[in-house]
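Undergrad: take a look and give me a structure for this.
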Amino acid sequence: GIIEREMKKGGASMMQLQSADSLVQALSVLVEASKLSTADAGQIAALLQSRARGEDAEPGAPAAAVYESQSGNIVETLTNLLEEAEEQLSTARRTETKNLHAFEMVKQSLEDELKYANKEIDEAKAGLAAAGEKKSKAEGDL
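TA: Next up, the predicted model:
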């Protein structure tokens, strides 16, 4: 790997590496060595950062806090969407109730109008029938 290749170059002294208490310290010594390329230094720095998050984490496994943070954002987003949907549903229900009430009022008004109009028609027909009867009687008397 990178460590073996750099050790062959002689970038970091073996004394520095042997006195390192952990892998993180050993890699830090290598990163500080001047003979590492920028790409290698970037890879080692990334490894050091991931190791610093959790010393007892398995190699290559991201720290649990990373997933908690991401899932927290997902859960928070879903919670916000749920709250937004519930608010929209509540608004839609209020609007529907208001519109239903308005419809019922218009319907009742039209039914009452129709009822009174039919009553007036019946009264008008009765008046016409009475007038026609009077007319017939008046013509009969002539």
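
Undergrad: rounded mean pLDDT for whichever helix in the chain runs longest, please.
TA: The longest helix of the chain (DSSP state H) is helix 64-141. On average, the pLDDT along helix 64-141 is 89.

Undergrad: any idea how far residue 119 is from residue 125?
TA: Counting by Cβ to Cβ, to the nearest Å, the separation of residue 125 from residue 119 is 11 Å. C-beta here means a position set from N, CA and C on the backbone, and glycine is covered the same way.

Undergrad: ok, now which ones touch residue 90?
TA: Residues near residue 90 by Cβ atoms under 8 Å, 6 or more residues apart in numbering: none.

Undergrad: quick one: it and residue 129, what's the gap?
TA: Residue 90 is 58 Å from residue 129, by Cβ to Cβ.

Undergrad: what's the answer for residue 93, then?
TA: In terms of Cβ to Cβ, residue 93 sits 53 Å off from residue 129.

Undergrad: also residue 111?
TA: As judged by Cβ to Cβ, residue 111 and residue 129 stand 27 Å apart.

Undergrad: look up how far residue 84 lies from residue 73.
TA: 16 Å.

Undergrad: do residue 101 as well
TA: 26 Å.
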